[in-house]
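[1] need coordinates for the below:
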Amino acid sequence: MTADGAQNTDKPDKAVVRDALGVGVAVGLSGFAFGVTSAGSGLGLLQSCALSLLVFTGASQFALVGALAAGGGPFTAAAGAFFLGVRNAFYGLRLSQVLALPRAVRPFAAQWVIDETTAVTLAQPTRRAARIGFTVTGLSLYVLWNLTTLLGVLGAKAIGDTRAWGLDAAGPAVFLALLAPMLKTSTERTAAGLAVLLGLGLLPVLPAGVPVLAAALAAPVALCVEGRRRGRARGGTPGGVERAAVSGVQAGPAASGVPEGSEEDR
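    Take a look at the predicted model:
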């Protein structure tokens, strides 16, 4: 059985742990960038570390400190972070089916429901592998993210501009690398491309976080287009032609434009 219950394919536990650790380490290093950015926005050491410990979703954290650094108020900054974090609730709905964790464990596992753990979990072929991938990714990323946040705040002045290091791009780059192989059908690729266009196009005109939610509209649009295309294809099949011919016979000769009767009858 796969994590979705569709196919029976095994994957060694070591391979799952290796892949999960690779994601956790690569993305966890971007906590440096958050620590530096948070310190530059005016937040103190305890405030920055509390955000990583309690919020633990990089996009929302960066949105919050970025809005504060730009002069925005705390409520405006929090609203943008909230909108970005809403997507994790939808991740949780999917992962609850894939992981099937005991009820007592779910509140603690919810803290680790983020982009990276979701991508690693859904990429696994079995429920056991999915649980291992979720746990290893979540644990390694949580520990390293909080550690590098602390180091980033303490060494903010020494590190300087994080954009020069490219640490702020580590998370999105890893997420895209995990997502790309999962886009196997033309409908999935169309939805992904449309989502990118919506997100980038609305970014300059909508508050932080809203373009991400608006990009989700790409999925129903792509499915609607695919449904109409299949409907037209069914209408042009040989079966459709045969049904039309049968209807013409049942309607009689007059309906098909053939004169009633033959030359002998007249």
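[2] what mean pLDDT does stretch 197-205 have?
    For stretch 197-205, the mean per-residue pLDDT is 85.
[3] buried ones in that stretch?
    If you call a residue buried by 16 or more other Cβ atoms under 10 Å, then stretch 197-205 has these buried ones: 198, 199. In this view, the C-beta of every residue, glycine as well, is placed from N, C-alpha and C.
[4] equivalent analysis for stretch 191-198, please.
    Across stretch 191-198, burial judged by 16+ other Cβ under 10 Å covers 191, 192, 194, 195, 198.
[5] which ones among those residues map onto strands?
    The strands, defined by DSSP state E, take in nothing from the buried residues of stretch 191-198.
[6] which of the residues you listed fall within helices?
    Filtering the buried residues of stretch 191-198 for membership in helices, criterion DSSP state H, returns 191, 192, 194, 195, 198.
[7] tell me where the stretch 151-266 of the chain has helices.
    Along the stretch 151-266 of the chain, counting by DSSP state H, counting those that start in this stretch, helices occupy 156-159, 170-179, 186-202, 210-215, 218-235, 238-251.
[8] from residue 34, how far out is the most centrally placed residue in the chain?
    Geometric centre of the chain, nearest residue: residue 115, 6.4 Å, by Cα atoms, centre = their mean. Using Cβ to Cβ, to the nearest Å, residue 115 is found at 15 Å from residue 34.
[9] also residue 46?
    Taking Cβ to Cβ, one finds residue 46 at 15 Å from residue 34.
[10] cool, and residue 90?
    23 Å.
[11] quick one: which of the ones in helices among the buried residues of stretch 191-198 is nearest to residue 69?
    The nearest member of these to residue 69, counting by Cβ to Cβ, is residue 198 at 26.2 Å.
[12] got a list of what the closest one touches?
    Residue 198 makes contact with 211, 214, 215, 217, 218, according to Cβ atoms under 8 Å, 6 or more residues apart in numbering.
[13] so residue 101, which of the three states?
    Look at residue 101: counting by DSSP: H, G, I helix; E, B strand; the rest coil, its state is coil.
[14] so what's it closest to, chain neighbours aside?
    Once flanking residues are discounted, residue 101 sits nearest to residue 109: 5.6 Å by Cβ to Cβ, 6 or more residues apart in numbering.
[15] hmm, the one you found is touching residue 100, no?
    No - using Cβ atoms under 8 Å, residue 109 is not in contact with residue 100; the gap is 11.2 Å.
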